[in-house]
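Trainee: next come a sequence and a model predicted from it.
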Amino acid sequence: MNLRKLILIFSILALTATSCSSDGTTEGSTYTRAGDETPTTTEAPAETAAPAETAAPAEDESSEEGRDELIALLTIVFDLETEEFATCMVDEMQAVSGYSYALLLESTLSEEDEDDLDEIATEVAITCMSDLSLEEIEQLSAMDFDEDDSNLFGDESTVPTLEISSDPNALGAILSVEEIDFTDETIVGWLVTYRSRSVSGEPIQVTGTIVAPNSIATEPRPVLSVAHGTTGMADMCAPSLAYTGEDVELNALVQPLLDDGWVVAASDFEGMGGPGLHPYVVGASEAQGVFDIVRAAQTSPTLGAEGPLIVWGHSQGGHAAMHASQLWQDIAPELDLVGVAAGAPPSQFPFLKDFLMNGAFQGYLIMVAAAFAEVYDELSLETIVEPEYLPLVEELELGCTGHIFEIFNPIPYEDLTSVDDIFGDPAWNARLVENDSNQLPNQTPLIILHGDQDEQIPAGSSGLLLDQICALEGHEHIERILYEGHGHGSAVQAYWSDFMSWIDDRIVGDPVNQENACSTITVPNS
């Protein structure tokens, strides 16, 4: 059985069905659906048994693996408005043939003929015709099918698709979608707007990207959710904008993952590409974005994004990754999060404030203050920023990180602020502590990756972070690797091969190395 044969079978049946009653129902079906309590007719159901040679191999036939993918595939191929007909076909084929859903999917995608399955498909199709509307029957009967057309599997109907969701209120629901024009035809991707939730619990729209191999998944694929580093706070700074236009190139670091069959999803985070100011380093907001973009990818069964999940981020993304590891069971317990990698994660906020003030990255501090004042009702910039500089806060939405640094770095910190120590204000201190990365235990294996010459997030801060997490009750495995001679940016290239090896072990279920638990390994600069 293959798609070419199925199309021919259904087209012929649809042509026949156009002579049926005008309400779109078919006559003469004598088959009783598996699981029905009563026959659909008063006649004895015609028994259709698979010949002995089509008996299912020794595997769990009750497994649902492949079912959703096959339903989606048939719905797409025949351009149906609902999944009722495809669901009937898939379930009946499984029940009558004895094949598992996974084997049926493999057979359907195969170019090989299987006459026994074709015969069953014909009988089942007759049974399921009652699930088609008259319009769908007429549409099927008009399908242009060429027996000699060898390009069926290259047609758009047989490659992964991502559609607007029927329920726009579900977390991860696709609200808008635009395909990315990749130069590499082996991958496919989309710019998406999806449903998420703000820190206050309100439904919001968030943008992002989803990229996958350009083939329909026949089994669950591993997923990497990328948490991006600091780019700014305005919509114009959204990382997904790098994937607009023509002849788009994929980031070279993640290309090997696509080659190995991964799905890669990346949220722009709340407020970047959606309404409002981006809640910079608000941990719960970042973690929500990291998980909901995966839910968005899972709305398409053809992508297979139900496999084991890895979260990775660097810099601000490292902060997001830390909070994802700590809030997983609270935000998205249904996702199979098997590991988190946090590169140069910001922590030790009082220490970071002293390190960044009056330096080349002082602008980060005003970004944090503005974000917290926007998110938390009890906080106000008027209580910590000198009045003459308050109008400059509008600049945060007029440019990205470079622009912010140009505006705020030259201002002496002592002149910019109206308080000696922001951590001396109980309200501000409570929220800053809450959003530090050292307050909660990680709920899944975690690796921290850091360059020892980091000029933005000092390496010593992640050493303290490791010790603090390890002191918390109930934490999962955590380890740290320090890369000698590498700064904030160069560390990513330095640790990438170690990161890839570590996540490969996680997705196949290999145990973590307990010898590395709560310890730091130092890698010399090669």
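Mentor: Done, it's in.
Trainee: which stretches of this structure have low pLDDT?
Mentor: Filtered on pLDDT under 70, the chain yields the residue ranges 1-62, 77-79, 109-115, 117-118, 138-158.
Trainee: residue nearest the centroid of it?
Mentor: Nearest to the geometric centre of the chain sits residue 294, at 2.2 Å (Cα atoms, centre = their mean).
Trainee: that one reaches residue 309, doesn't it?
Mentor: Yes - counting by Cβ atoms under 8 Å, residue 294 touches residue 309, with 6.1 Å between them. Any C-beta I mention is one placed from the backbone N, CA and C, and that applies to glycine too.
Trainee: shared neighbours, those two?
Mentor: When contacts are counted by Cβ atoms under 8 Å, 6 or more residues apart in numbering, residue 294 and residue 309 have 223, 225, 335 as shared neighbours.
Trainee: Three-state assignment for the second one, please.
Mentor: This means residue 225. strand (DSSP: H, G, I helix; E, B strand; the rest coil).
Trainee: and for residue 339, the neighbour number?
Mentor: Residue 339 is flanked by 22 other residues according to other Cβ atoms under 10 Å.
Trainee: pretty sure it is in a helix, no?
Mentor: No - going by three-state DSSP, the assignment for residue 339 is strand, not a helix.
Trainee: I'd say residue 295 and residue 332 touch.
Mentor: Yes - counting by Cβ under 8 Å, residue 332 is a contact partner of residue 295 at 7.2 Å.
Trainee: quick revisit: what about the residue nearest to the centre of the chain, distance to residue 161?
Mentor: Between residue 294 and residue 161 the computed distance is 18 Å (Cβ to Cβ, to the nearest Å).
Trainee: now do residue 398
Mentor: Applying Cβ to Cβ, the value for residue 398 to residue 161 is 38 Å.
Trainee: count of residues packed around residue 183?
Mentor: 10.
Trainee: distance check, it against residue 258.
Mentor: As judged by Cβ to Cβ, residue 183 and residue 258 stand 13 Å apart.
Trainee: for residue 489, same thing?
Mentor: 23 Å.
Trainee: of these two, who's got more company?
Mentor: Neighbours per residue, other Cβ under 10 Å: of residue 489 and residue 258, the larger number sits with residue 258, 22 against 15.
Trainee: grab the nearest non-local neighbour of the more buried one.
Mentor: Excluding the flanking residues, the one nearest residue 258 by Cβ to Cβ, 6 or more residues apart in numbering is residue 187, at 5.1 Å.
Trainee: do I have it right that that neighbour meets residue 211?
Mentor: Yes - contact criterion Cβ under 8 Å: residue 187 and residue 211 qualify, at 6.0 Å.
Trainee: the more surrounded of these two?
Mentor: Shown here are residue 187 and residue 211; by other Cβ under 10 Å, residue 211 has more neighbours (27 against 20).
Trainee: quick one: the helices in the stretch 101-250 of the chain?
Mentor: With DSSP state H, counting those that start in this stretch, the ranges of helices along the stretch 101-250 of the chain come out as 101-109, 115-128, 134-141.
Trainee: any idea which element the residue nearest to residue 439 when sequence neighbours are not counted lies in?
Mentor: Closest residue to residue 439 apart from its sequence neighbours, by Cβ to Cβ, 6+ apart: residue 433 at 6.8 Å. Using DSSP states H and E, residue 433 maps to helix 426-434.
Trainee: alpha carbons of that helix, as CSV, please.
Mentor: Presented in CSV, the C-alpha positions along helix 426-434 are these (Å, rounded to 0.1, in the frame of the first residue of the first chain):
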residue,chain,number,x,y,z
PRO,A,426,12.4,45.5,50.1
ALA,A,427,10.0,45.4,47.2
TRP,A,428,12.7,45.5,44.5
ASN,A,429,14.9,43.1,46.5
ALA,A,430,12.1,40.5,46.7
ARG,A,431,11.5,40.5,42.9
LEU,A,432,15.2,40.5,42.1
VAL,A,433,15.8,37.5,44.4
GLU,A,434,12.8,35.7,43.0
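Trainee: how far off centre is that helix?
Mentor: The chain centre lies 31 Å from the centre of helix 426-434; the measure is Cα atoms, centre = their mean, to the nearest Å.
Trainee: what's it packed up against?
Mentor: In terms of contacts (3 or more Cβ pairs under 8 Å, 6 or more residues apart in numbering; DSSP states H and E), helix 426-434 is packed against helix 363-375.
Trainee: so which residues make contact with the helix it packs on?
Mentor: Looking at what lies outside helix 363-375 - Cβ under 8 Å, 6+ apart - the contacts are 199-200, 230, 233, 276-282, 285, 353, 356-357, 379-381, 384-385, 393, 396, 401, 404-405, 407-409, 413, 416, 422, 428, 431-432, 435, 456.
Trainee: and residue 454, what does it touch?
Mentor: By Cβ under 8 Å, 6+ apart, the contact list for residue 454 reads 344, 486, 487, 488, 491.
Trainee: and if you look at residue 378?
Mentor: Neighbours of residue 378 in contact, by Cβ under 8 Å, 6+ apart: residue 427.
Trainee: which residues does the residue nearest to residue 258 bridge with?
Mentor: Beta-bridge partners recorded for residue 187 (DSSP bridges): residue 213.
Trainee: and it, how far is that from residue 218?
Mentor: Per Cβ to Cβ, residue 187 is found 17 Å from residue 218.
Trainee: then residue 482?
Mentor: Applying Cβ to Cβ, the value for residue 482 to residue 218 is 41 Å.
Trainee: which one's more surrounded, the two?
Mentor: Between residue 482 and residue 218, residue 482 has the larger neighbour count (other Cβ under 10 Å), namely 20 against 17.
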